[in-house]
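Novice: Fold the following.
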Amino acid sequence: MIESDGSTGQDVARVAERLKERIYAELAVIAVTLGLALSGSSTHLPAALSVLGASLGLWLATIAAEVQGHRFAYGHRMSGGELRHMLLVTSPLMTAAAGPLVLVLFSAFGAFSLTAALYGSVAVDTATMFVWGYTAGRRMKASVLMSVLSGLVNLLIGGVVIVVKVVGGH
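Specialist: Here you go, the predicted structure:
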């Protein structure tokens, strides 16, 4: 099946799966970086390891769940092709850590404080949530207003994570 933009339905489905994983990861990274920023007690290496560990842990948990779900649903192990597809689809779970890690690295070299880097990560990742929603709306050929609304829904979801972390005392 060829979509109107020239891509196959399989390619579109893969992009959708990867974006879904990226959004989950963004929310997890927002929670971790905000928790670190609110605590104010972390140093660069533990902060970087916390962000990396959260992303890696989420990725490994997703892989385990996918493998077990496949075994349960189909009664056999994943084939090599299915495993490669699953690894490709879930890889954005790790890329969500890239932005915060870069900001922590710049902070380690004195560009700004670690707290500023962590709060900056929260802001960038939350803004990224808006961009994903807006872009999805435009891709669906929605009006600019509806695309902005879609972005705002994603922003609201990120905001809920932030409020829960702040109210819950991280």
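Novice: make it CA atoms for all contacts and neighbour counts henceforth
Specialist: OK.
Novice: Output stretch 26-43 as PDB, nothing but the C-alphas.
Specialist: In PDB, the C-alpha atoms belonging to stretch 26-43 read as follows (Å, rounded to 0.1, in the frame of the first residue of the first chain):
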ATOM      1  CA  GLU A  26      10.000  11.900  26.900                       C
ATOM      2  CA  LEU A  27       7.500  11.700  29.700                       C
ATOM      3  CA  ALA A  28       9.800   9.400  31.700                       C
ATOM      4  CA  VAL A  29      12.800  11.700  31.100                       C
ATOM      5  CA  ILE A  30      10.700  14.700  32.100                       C
ATOM      6  CA  ALA A  31       9.900  13.000  35.400                       C
ATOM      7  CA  VAL A  32      13.500  12.000  36.100                       C
ATOM      8  CA  THR A  33      15.100  15.300  35.200                       C
ATOM      9  CA  LEU A  34      12.500  17.300  37.200                       C
ATOM     10  CA  GLY A  35      13.000  15.000  40.200                       C
ATOM     11  CA  LEU A  36      16.700  15.600  40.000                       C
ATOM     12  CA  ALA A  37      16.300  19.400  39.600                       C
ATOM     13  CA  LEU A  38      13.800  19.600  42.500                       C
ATOM     14  CA  SER A  39      16.100  17.600  44.800                       C
ATOM     15  CA  GLY A  40      19.000  20.000  44.100                       C
ATOM     16  CA  SER A  41      21.500  17.500  45.600                       C
ATOM     17  CA  SER A  42      22.800  15.700  42.600                       C
ATOM     18  CA  THR A  43      26.100  16.200  40.900                       C
END
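Novice: Return the distance of it from the chain's centre.
Specialist: Here stretch 26-43 is found 14 Å from its chain centre; the criterion is C-alpha atoms, centre = their mean, to the nearest Å.
Novice: again, but for stretch 25-43
Specialist: The answer for stretch 25-43 is 14 Å, by C-alpha atoms, centre = their mean.
Novice: could you pull out the helices for this structure?
Specialist: 9-39, 44-74, 80-90, 92-95, 98-108, 114-139, 144-167 (DSSP state H).
Novice: okay if I get those helices as a markdown table plus mean pLDDT and mean neighbour count?
Specialist: Formatted as a markdown table, the helices of the chain follow (pLDDT from 0 to 100; neighbours: other C-alpha atoms under 10 Å):
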| stretch | mean pLDDT | mean neighbour count |
| --- | --- | --- |
| helix 9-39 | 84 | 19 |
| helix 44-74 | 93 | 16 |
| helix 80-90 | 87 | 15 |
| helix 92-95 | 82 | 22 |
| helix 98-108 | 96 | 19 |
| helix 114-139 | 92 | 20 |
| helix 144-167 | 90 | 17 |
